[in-house]
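Visitor: Return a 3D structure for these sequence lines:
(3 chains)
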Amino acid sequence: MVPEGLEVEIWSQAAQVLVGRQIATVRVDPRCGGVGAEVLGGALIEGVSRRAKTLIIDTDHGLLGVHFGMTGRLVIDGHSPITSLEYGSARDLADWDRCIIEMVDGGITRVNDPRRWSRYEIVVDDPAAVVCTAPMFGPFGPDALSITASQLGDALGQRRRALKACLLDQSCVAGLGNMCADEVLWRADLDPRRPVHLLSGDEIDHLAGVIASTLPEMLRAGGSHMGQISPGLRRVGALCPRDGYPLDVATVAGRTTVWCRGHQR
DNA sequence: CGGCATGTTTCGCC
DNA sequence: AGGCGAAACATGCC
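Guide: Below is the predicted model of the structure:
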C-alpha cells in the first residue's frame, strides 16, 4: 500500500510510543524540505497525530509535519508497522532515509523513502498561521474515517467535478487516496465519473455511510490495500468480485481508476 | 529496456 | 472562476 490516510493513521497510532520522549537530533534530507529542523533538538514530544495524510509530531519546540509522498515508510525504533508498500520497495537502504529523529534514550525514528517524494515542514510559530501557507497542513475537508452525511453533503456542495475527483481532493474530503476512493465507490454502487451535482441526497447519504464504515474496517484489516478491489484486480481482464462483470480500467480525474459498469451507476 | 506507479503541485487551456 | 489534462517530481520495479 502507498501512504493514504489509513497508513498514516496506523503510523500515528504506533508512534504514540514516542510521546514523553526527548529528541536528541533531527536530520532531514534538504531536498525534501524540513528547513529549520535543528530547532527540534532537545525537544520533548508531547503528542503525535494525523491530519489527512500528514503525520504531526508535536513537541515543546514546535511541530514536525511529515507527508509520506508515494513511497515513504515510517520506521519506529527499528521496526515498521507496515512492512511492505505497494509500489514501494522491500528493501530498506540507509541511502533512502530522508528524515532521522534520534532520541536521547537511543531510539531512532526515521522515514525511509526510495522515491524521495516525502516532505517535511517545521512549524515553530502559531500553527494556525501556517495552515494556509503549508499545503501539507491543509486546508482539509472532513476526515474520511469519521465523515457524516451532512459533512459530505457540505463538502461536495456546489462542485461540479467528477465524484472521484472530489474524493481525491484533500480540501474536499481528507485522507482518501486512489485505492480507497475506488473501493468506496465500488461499495456504494457509484460511477466514479458521475458529476457530483447530479447525485441525489440519498446517494450522498449512502456514500457517506459507506465511507464511514469501510475505512475503519480497512484500517482494522491492515490498510488501503485490504479492500475488495484488491491490487490484483486493478488490471484489464479482472472480474468484479460482486457480479463477475469485467472491471473497467481507465483514467478518471487523472488517476488510474477501476470500476464495475455492472453495478456502479 | 520501456513503461508504469495507490501523491501532490503547477501550468496552460477552455 | 472553475475544471481538466498534462507535465513534473525521482526512482524502483515488472
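
Visitor: Most proximal residue of the stretch 1-150 of chain A with respect to DNA strand B?
Guide: Going by CB to the nearest atom of the strand, DNA strand B is nearest to A:P135 of the stretch 1-150 of chain A, at 2.6 Å. Glycine gets a C-beta too; all of them are placed from N, C-alpha and C.

Visitor: Give me the pLDDT value at that residue.
Guide: According to the per-residue confidence, A:P135 scores 77 in pLDDT.

Visitor: Which SSE is immediately downstream of the helix ranked longest in chain A?
Guide: Determined from DSSP state H, the single longest helix within chain A is helix A:201-221. As assigned by DSSP states H and E, the chain's next helix or strand after helix A:201-221 is strand A:248-252.

Visitor: Please state the offset of that following strand from the chain centre?
Guide: Distance, stretch centre to chain centre, for strand A:248-252: 21 Å (CA atoms, centre = their mean, to the nearest Å).

Visitor: does DNA strand C sit close to that strand?
Guide: Yes. Judged by CB under 7 Å from any atom of the strand, strand A:248-252 comes into contact with DNA strand C through A:T251.

Visitor: Check the burial of A:D95 by counting its neighbours.
Guide: Using other CB atoms under 10 Å, A:D95 is surrounded by 8 other residues.

Visitor: Look at it and report its pLDDT.
Guide: With respect to pLDDT, A:D95 scores 91.

Visitor: cool, and A:E86?
Guide: So A:E86 comes in at 60 (pLDDT).

Visitor: okay, now the domains of chain A?
Guide: Domains of chain A are assigned by automatic domain parsing as A:5-137, A:144-259.

Visitor: how about the last one, does it reach DNA strand B?
Guide: Yes. Domain A:144-259 comes into contact with DNA strand B (CB under 7 Å from any atom of the strand), by way of A:L168, A:Q170, A:G177, A:N178, A:M179, A:S224, A:H225, A:P231, A:R234, A:G254, A:R255, A:T256.

Visitor: List the residues that contact the fifth one.
Guide: Listed by CB atoms under 8 Å, 6 or more residues apart in numbering, the contact set of A:M179 reads A:M1, A:V2, A:E4, A:S224, A:H225, A:G227, A:I229, A:P231.
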